[in-house]
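Q: quick one: sequence plus predicted model below, questions after.
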Amino acid sequence: MLALAGWSLTACDESHNDYAQPTVFPQEEQITISGFEATPTAAASQNINLGTMAEQGIESIQLFTLTQGTLPAGVTLKNIRLEAWPSDLTEAVSTNVKATEDGYVTKEELANLVYTFYGKKSTERVFTAKLFANAFRGAEAQLITLGDFTLRITPEELENPYYYIYGNVVYATKDNAYKAVMTPDAESDVIFYYTSQYVSSGDIKIWNSKYWLEGNATSDFTKLYGSGEEKPNSYKGITGKLLQGSTYSIFSPTKEYYTFKIDLEALTYEWIKLEDQDPASYTAISITGLNGDWNTDIDMEGVDAVSFMKKQLKAKSHNWYAQITATSDCQVKFRADHDWATNWGFGSSDGEWTVNDEQWAKPCSNGAGNIALAPGKYNVYFCDITGVAHFVPVEE
């Protein structure tokens, strides 16, 4: 049974809606509607995996059933809708989720709900949801709550673990922007870093290689992450907001050495200034040991830019790139200036790090163990400031 205590439009739960409010008249007597009930479906109480829905060709899912009782004379019920917000974000403002009167919500609506508050990682997100409607009598209306429940939604896996810097930090164009991969956080799959001397006050964006591999990023720049600040063209703060599809670039605070950090769950970025603004530099960084050959150095390409606009690389870089092919199981190391005095590996023994899809980037140290590679083609990245090595498999 649903009781309407008058026609005030103010909801006790501070809900928000995005349609024009009708005129408010003096409060009426209480109106009772019998037999009116909203019941969550079994699907609403389980994890809703949008990737599974996509694989099975399911475009919508029923989240509730609505039993409509007898409305008093002159009363109609309209604007039936869900409002939802993340259960773990206490300051989040609810967002509308379109629903049909028979309780169906599309996969697209649920995906947009997740992306409004989080990035596009395929991680379960928990939302508190309330079902609302408006009871109208003439020009008067009352906002009513029909029910509330919890939604657990896992979005499709739209992005892989490989995120790249695009713009002035490297001489990067649409054709070679794969040369500046970001370092994944050791504890989180939504946090990434890139350390360099940022030039021309930054002016960068971030992209995921899945879009590039599918040919989307070269024609659809709405997939890139950019600035979500209100005045992005002049904003040079230490922290800021990320927005996928932003047409605005992110700018570094100053022309100095920073570690640029992004959080794809919180959709934020941060500039962490290095204490050492004069890090050691090298004429060459090379890979050795490939396919058992420890007498040959494969020189890497320095990718740090003097200026993107000048299309000119620095004489001495700190970030390096090479593509290699392992024809058999082997072990490799990195070394500076073709000399063993400064060489980088991982762990206290050879083969402690075996590169795979899960373990593709690790911080290396001077004189540490050899790195084990399985047969395959790799894009290899190395930062001589952080010592982090990255091995990204090349799809063919």
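A: Nice, thanks for sending it over.
Q: next, the buried residues of stretch 118-128.
A: By neighbour count on 16 or more other CB atoms under 10 Å, the buried set for stretch 118-128 is Y118, G119, K120, K121, R125, F127, T128. Every residue, glycine included, has its C-beta placed from N, CA and C.
Q: and stretch 160-170, how far from the chain's centre?
A: Remark: stretch 160-170 is offset 13 Å from the chain centroid, using CA atoms, centre = their mean, to the nearest Å.
Q: next one: stretch 288-305
A: Relative to the chain's own centre, stretch 288-305 is displaced by 32 Å; criterion: CA atoms, centre = their mean.
Q: next: stretch 93-103.
A: Relative to its parent chain, stretch 93-103 has a centroid offset of 24 Å by CA atoms, centre = their mean.
Q: buried sites along it?
A: Under 16+ other CB under 10 Å, the buried positions of stretch 93-103 are S94, T95, N96, V97, A99, G103.
Q: endpoints of that stretch, how far apart?
A: End-to-end distance of stretch 93-103: 23 Å, with CA to CA, to the nearest Å as the criterion.
Q: same thing with stretch 166-179?
A: Terminal residues of stretch 166-179 lie 9 Å apart, using CA to CA.
Q: average pLDDT for that stretch?
A: Averaged across stretch 166-179, the pLDDT comes to 69.
Q: thinking again about what came up before, from the buried residues of stretch 118-128, which single one is nearest Y225?
A: Nearest to Y225 among the buried residues of stretch 118-128 is G119, at 8.6 Å by CB to CB.
Q: give me every residue that touches the closest residue to the closest one other than its chain neighbours.
A: Distances taken as CB to CB, 6 or more residues apart in numbering place L264 nearest to G119, at 3.4 Å, with adjacent residues excluded. Contacts for L264 (CB atoms under 8 Å, 6 or more residues apart in numbering) come out as G119, K120, K121, Y163, V190, I191, F192, Y225, L242.
Q: now the strands for the stretch 51-200 of the chain?
A: 60-62, 64-67, 75-86, 95-98, 104-106, 125-137, 140-154, 163-167, 183-184, 191-197 (DSSP state E, counting those that start in this stretch).
Q: pick the most deeply packed of those.
A: Compared across the strands of the stretch 51-200 of the chain, strand 163-167 shows the largest average neighbour count, a mean of 24 (mean count of other CB atoms under 10 Å).
Q: who are the packing partners of it?
A: strand 202-208, helix 209-213 (3 or more CB pairs under 8 Å, 6 or more residues apart in numbering; DSSP states H and E).
Q: pick out the shakiest of the ones you listed, pLDDT-wise.
A: helix 209-213 (a mean of 73).
Q: ok, back up a step: for T39, see how far away the residue nearest to G119 is.
A: L264 sits 36 Å away from T39, taking CB to CB, to the nearest Å as the criterion.
Q: same question for C364.
A: Distance from C364 to T39, by CB to CB: 57 Å.
Q: next: F260.
A: Using CB to CB, F260 is found at 49 Å from T39.
Q: which one's more surrounded, the two?
A: Taking neighbours as other CB atoms under 10 Å, F260 and T39 compare with F260 leading, 22 against 13.
Q: which secondary structure element is home to that one?
A: If you go by DSSP states H and E, F260 is part of strand 257-263.
Q: now do whichever helix or strand comes after that strand and strand 257-263, the angle between them.
A: Downstream of strand 257-263, the first helix or strand assigned by DSSP H and E is strand 268-273. Per axes from the mean of the first three to the mean of the last three CA atoms, to 10 degrees, the angle that strand 268-273 makes with strand 257-263 is 160 degrees.
Q: quick one: buried residues of strand 268-273?
A: Within strand 268-273, the residues that qualify as buried are Y269, E270, W271, counting by 16+ other CB under 10 Å.
Q: C-alpha coordinates for that strand, PDB please?
A: Below are the C-alpha coordinates for strand 268-273, written out as PDB (Å, rounded to 0.1, in the frame of the first residue of the first chain):
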ATOM      1  CA  THR A 268      42.000  11.900 -11.600                       C
ATOM      2  CA  TYR A 269      45.700  12.800 -12.400                       C
ATOM      3  CA  GLU A 270      48.600  14.100 -10.300                       C
ATOM      4  CA  TRP A 271      52.000  15.600 -11.100                       C
ATOM      5  CA  ILE A 272      54.700  14.300  -8.700                       C
ATOM      6  CA  LYS A 273      57.800  16.400  -9.000                       C
END
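Q: give me the sheet partners of that strand and which way each runs.
A: Strand 268-273 sits in its sheet next to strand 239-244 (antiparallel), strand 257-263 (antiparallel), going by DSSP bridges.
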